[in-house]
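*Asks:* Mind looking at a prediction? Sequence and model below.
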Amino acid sequence: MGATMVKPLVKNGNILDALPSQATLHVVMLGLDSAGKTTALYRLKFDQYLNTVPTIGFNCEKVQCTLGKAKGVHFLVWDVGGQEKLRPLWRSYTRCTDGILFVIDSVDTERMEEAKMELMRTAKCPDNQVRNNWNNL
Ligand SMILES: Nc1nc2c(ncn2[C@@H]2O[C@H](COP(=O)(O)OP(=O)(O)OP(=O)(O)O)[C@@H](O)[C@H]2O)c(=O)[nH]1
Ligand SMILES: [Mg+2]
C-alpha cells in the first residue's frame, strides 16, 4: 500500500512548517476498491488493523497528530468508496478539501494502470489544482 498527495497545500517549502497549530484540515482518501483506504484510516485512528467491508459511500474520522511538527493539528479524513460505480462521486468530495491522499495497492500490478488513470484524472481536475492560500483557515 502506498499513498501520493496530489493536492499539495503549499507550492514551496515544508508543508508541516506552514500548518497553523490547532488547525483542522480536511483530507480525502481516494484509490481503487480494495486498495487499503479504510484499513489505513482505522490504523491511523485506532492504531489497529481492523477487518473492513467494501465502502459504499464514505467513512469519516478525525485524527489528531501527536508528534513532530504537526503536533496538535487535526485531520478530518474522508475515506471514499473506490468501486468503479462510485468513482464519479469522488469530485464532490475533492472539491472543497485541503488535501488528497491517493492510496495504491503496490502488489496489485494488474490494476496499476487503472490506478494511474484514476490518479491522473483526479490530478487534472481543475478543482484540484494547487492553491497557495491559507486565508480561509
Ligand atoms: N496484506 C495487506 N492487506 C491489506 C493491506 N491494506 C488492506 N488490506 C486488505 O485489503 C482488503 C481491502 O482493504 P480495504 O481497506 O477495505 O480497501 P478499501 O480501499 O477501503 O476498499 P473500498 O472500500 O472498496 O474502496 C482487506 O481485506 C484488507 O484487510 C495491507 O497493507 N496489506
Ligand atoms: Mg473502504
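*Replies:* Thanks, I have it. Ligands and ions are numbered 1, 2, ... in the order given.

*Asks:* ok, how many other residues are close to the closest residue to Leu50 other than its chain neighbours?
*Replies:* With CB to CB, 6 or more residues apart in numbering as the criterion, Leu50 has its nearest non-adjacent residue at 4.6 Å, and that residue is Tyr42. Just so you know, the C-beta spots here come from the backbone N, C-alpha and C atoms, and that holds for glycine as well. Other residues within reach of Tyr42, judged by other CB atoms under 10 Å, total 18.

*Asks:* wait, Tyr42 sits on Thr55?
*Replies:* No - taking CB atoms under 8 Å as the contact criterion, Tyr42 and Thr55 are not neighbours in contact, 11.4 Å apart.

*Asks:* where does Leu41 fall, helix, sheet strand or coil?
*Replies:* The local conformation at Leu41, judged by DSSP: H, G, I helix; E, B strand; the rest coil, is helix.

*Asks:* what's the burial count for it?
*Replies:* Other residues near Leu41 come to 23 when the count uses other CB under 10 Å.

*Asks:* any idea which element Glu61 lies in?
*Replies:* With secondary structure defined by DSSP states H and E, Glu61 is part of strand 58-64.

*Asks:* Tell me the strands beside that strand, with direction?
*Replies:* Strands flanking strand 58-64 in the sheet, each with its direction: strand 74-80 (antiparallel) (DSSP bridges).

*Asks:* Just the mean pLDDT for stretch 75-95, thanks.
*Replies:* For stretch 75-95, the mean pLDDT works out to 96.

*Asks:* Thanks a lot, see you next time.
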